[in-house]
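Undergrad: Here is the input, now give the coordinates:
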Amino acid sequence: MKLTQKHISDRFISFFYNFCRFYFYFFVHKMKPCYYIVFCAIGIILSLNCKGQQVKTPSDVLSVGDAAPELRVEKWIRKGGFIPFEKDKVYLVDLWATWCVPCIAGMPHLTQLQKKYKAKGLEVIGITSEDKYGNTLENVMNFVAKRDTAMNYNIAWLPVSTKDSVEGIWLHPWMIKSGSGNLPTAFLVDRQGKIVFIGDPFTIDGTLDQVMNNHYDIDHLKANYLSGINAEKILSQFNSAIKTGNLKEAIVFGMQILNDFSYVKPNTYLVLGWQVSHMEGEIDPGLLQIAYDAIIRGIKLTQFNSPAFFDVLAGIFAAKKDLPSAVITEKLAVSLSEGEMKKNQSKNLEKYLSMALKNNY
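TA: The predicted model follows:
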């Protein structure tokens, strides 16, 4: 059989995806899959150049400006009882899981948005489904029952989403078609049933306010969304430059991400910072500054609530040999975190404390 560019691209993506699963199972299988999804997100970003060569039909993709596809609900766990998507209502659909620390951190924010805009027709819907990491229907129901005030919006249980024997809400068709790879991810659907936002729910406030008050330009929102995708493509080039040791090119691509786009996704900033902070040996000061600036922007976009950003920022401070700042920042990451992520960040904290004590800080 003759291999086309599409076959090669598909095989590369499948290889990287399964490599992430292998790494997760053998090295971090005792963690909840927060880091698994980070590796998968990196895989998606690294494969953007290959994916860009594929010919996709309109039904294969989901973007800002498209009509919201059907959302099949298997069971309402809290509130609900309606069929999405009614005209003249706005829907904020948030994909989450019980083990997802950023998801949990954002629940009070979603509750506030539901309360603020309920009278204007907003319905916030948290959707999740079964996976192999503890996100069962029973666990979800118990989780929701314990969070009356912090999770006061519609919660729906969906049919299982599966790909390559892996199950999880991050494999929902909306996520696959939009190219989204990390949780939480929110989709905002306007009163005409059009998607007007895809991204981190912590960054949705401005767009949501415009949509609720009918003061928005869907073409402008789509342009910003495409800007975020194009920034991810530059991130792919940045990652390649880092891998090959071409630091001058990496700095050029990093500066493009910081300066050339009207919108950059928080996860793009996170992956950029993570890549630099995990380089071996002495790290170029210019790269460290780019990583620092990217992480600070991500922290602001996620409203100072994401432990992952503070964890990476601590790594950047450590690389700069500013160990007191690394300790303080990692403490903040630990305070925001939960579960296995908290345990792993606590280990990082112990490491930075030990380094600081050895250096007589």
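Undergrad: any idea how the chain splits into domains?
TA: 5-55, 61-216, 223-358 (automatic domain parsing).
Undergrad: got the ones you listed as a markdown table, with mean neighbour count and mean pLDDT columns?
TA: All C-beta atoms are positioned from the backbone trio N, CA, C, and that covers glycine. Converted to a markdown table, these look like this (neighbours: other C-beta atoms under 10 Å; pLDDT from 0 to 100):
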| stretch | mean neighbour count | mean pLDDT |
| --- | --- | --- |
| domain 5-55 | 16 | 41 |
| domain 61-216 | 18 | 94 |
| domain 223-358 | 19 | 95 |
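Undergrad: which residues does the residue nearest to Leu137 when sequence neighbours are not counted contact?
TA: Spatial nearest neighbour of Leu137, chain neighbours left out: Trp157 (5.8 Å); criterion: C-beta to C-beta, 6 or more residues apart in numbering. By C-beta atoms under 8 Å, 6 or more residues apart in numbering, the contact set of Trp157 is Val73, Glu74, Lys75, Trp76, Ile77, Ile127, Thr128, Ser129, Leu137, Val140.
Undergrad: Of those residues, which belong to strands?
TA: Of the contacts of Trp157, the ones assigned to strands by DSSP state E are Lys75, Trp76, Ile77, Ile127, Thr128.
Undergrad: Identify, from those, the entry nearest to Pro324.
TA: Proximity of the ones in strands among the contacts of Trp157 to Pro324 (C-beta to C-beta) peaks at Thr128, which lies at 39.7 Å.
Undergrad: Tell me who's in contact with that closest one.
TA: By C-beta under 8 Å, 6+ apart, the residues touching Thr128 are Leu95, Trp96, Ala97, Thr98, Asn135, Val140, Ile155, Ala156, Trp157, Leu158, Ile169.
Undergrad: C-terminal to the host helix or strand of Glu330, what's the next element?
TA: Using DSSP states H and E, Glu330 sits in helix 323-336. Going down the chain from helix 323-336, the next helix or strand is helix 339-358, by DSSP H and E.
Undergrad: Can I get that following helix in CSV? Just the C-alpha atoms.
TA: Only the C-alpha atoms of helix 339-358 are listed here, as CSV (Å, rounded to 0.1, in the frame of the first residue of the first chain):
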residue,chain,number,x,y,z
GLY,A,339,-4.4,14.6,45.2
GLU,A,340,-1.4,13.1,43.4
MET,A,341,-0.5,16.4,41.8
LYS,A,342,-0.1,17.9,45.3
LYS,A,343,2.1,15.0,46.3
ASN,A,344,4.4,15.5,43.3
GLN,A,345,4.6,19.2,43.8
SER,A,346,5.4,18.6,47.5
LYS,A,347,8.4,16.5,46.4
ASN,A,348,9.5,19.5,44.2
LEU,A,349,9.1,21.7,47.3
GLU,A,350,11.3,19.4,49.3
LYS,A,351,13.9,19.4,46.5
TYR,A,352,14.0,23.2,46.4
LEU,A,353,14.2,23.5,50.2
SER,A,354,17.1,21.1,50.2
MET,A,355,18.9,23.0,47.5
ALA,A,356,18.3,26.3,49.3
LEU,A,357,19.7,24.9,52.6
LYS,A,358,22.8,23.5,50.9
